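Undergrad: Sequence and predicted structure are below.
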Amino acid sequence: MNIGVLGGTFDPIHIGHFILAEAVRARLNLAEILFVPAGQPWLKVDSPISPAEHRVQMVRLALADKPYFKLSTMEIERAGPTYTVDTIAELKARLGAEDELFFILGWDNLAELPRWWQPSRLITMCRLVAVPRPDYPLPDLKALEASVPGLSQRVTLMDKPEIDISASAIRNRVAQGLSIHHLVPEPVDEYIRQHKLYLTQ
């Protein structure tokens, strides 16, 4: 079984995540995609993020009616900094030998892969699926291959969808009292209002 893995802070989860996930699922014929909210991403250690319980609950609400998408709280439950390689290793240990993991990331993150923790080990355990990000150039696979040998054989570069929706822009809209109902699933919009999230930035 081919399984996608989409990590992120999901602060908040928004419709762009679903457009992206569905495009990858259709392109690679994935059985399901796991949404994995981050605990404390080591590359964002200085960035304030909402408490895990809010982010997890928003993902849970957003995925409730989507059978191909599943929530995994493994990174939230793990103490300390969050490293993708540890998450993938843990997933591999839980899955069957015939299951293959496809880790979904943006072009911008792929370009930063040499800075990640144990990138060479990561690409032995999963395939990468890189999706476009607005205003980011196509990653230079030749340069990345020099830093992480074998990478070019383990990555699928997608040229669409290009989604111009960001969680930071959504948080800013909430702080300004603007509507976000067209940017997030309705239950997520209700949850943000109910818990008064993002009112101050």
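TA: Okay, I see it.
Undergrad: burial of Pro12, as a residue count?
TA: Pro12: 26 surrounding residues under other C-beta atoms under 10 Å. C-beta coordinates here come from the backbone N, C-alpha and C atoms, glycine included.
Undergrad: meant to ask about Leu61, not that
TA: 19.
Undergrad: Going by contacts, tell me the helices and strands next to the helix or strand it falls within.
TA: Element membership for Leu61 (DSSP states H and E) is helix 52-63. In terms of contacts (3 or more C-beta pairs under 8 Å, 6 or more residues apart in numbering; DSSP states H and E), helix 52-63 is packed against strand 32-37, strand 69-71, helix 186-194.
Undergrad: Turn those into TSV, including mean pLDDT, mean neighbour count and distance to Arg121.
TA: TSV is the format used below for these (pLDDT from 0 to 100; neighbours: other C-beta atoms under 10 Å; distance: least, C-beta to C-beta, whole Å):
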stretch	mean pLDDT	mean neighbour count	distance to Arg121
strand 32-37	97	23	18
strand 69-71	98	18	25
helix 186-194	98	16	34
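Undergrad: Next one: the residue of the chain most remote from its centre from Leu199, what distance?
TA: For the chain, the largest distance from the centre (C-alpha atoms, centre = their mean) belongs to Gly177, which lies 26.7 Å off. Distance from Gly177 to Leu199, counting by C-beta to C-beta, to the nearest Å: 9 Å.
Undergrad: Pro114 now?
TA: Counting by C-beta to C-beta, the gap from Pro114 to Leu199 is 38 Å.
Undergrad: re earlier: export the helix holding Leu61 as PDB, just CAs?
TA: C-alpha atoms of helix 52-63 as PDB (Å, rounded to 0.1, in the frame of the first residue of the first chain):
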ATOM      1  CA  ALA A  52      -0.900  21.200  20.200                       C
ATOM      2  CA  GLU A  53      -4.400  20.400  21.400                       C
ATOM      3  CA  HIS A  54      -5.900  23.200  19.300                       C
ATOM      4  CA  ARG A  55      -3.900  22.300  16.200                       C
ATOM      5  CA  VAL A  56      -4.800  18.600  16.500                       C
ATOM      6  CA  GLN A  57      -8.500  19.300  17.100                       C
ATOM      7  CA  MET A  58      -8.700  21.500  14.000                       C
ATOM      8  CA  VAL A  59      -7.100  18.800  11.900                       C
ATOM      9  CA  ARG A  60      -9.500  16.200  13.400                       C
ATOM     10  CA  LEU A  61     -12.500  18.400  12.600                       C
ATOM     11  CA  ALA A  62     -11.200  19.100   9.100                       C
ATOM     12  CA  LEU A  63     -10.600  15.400   8.200                       C
END
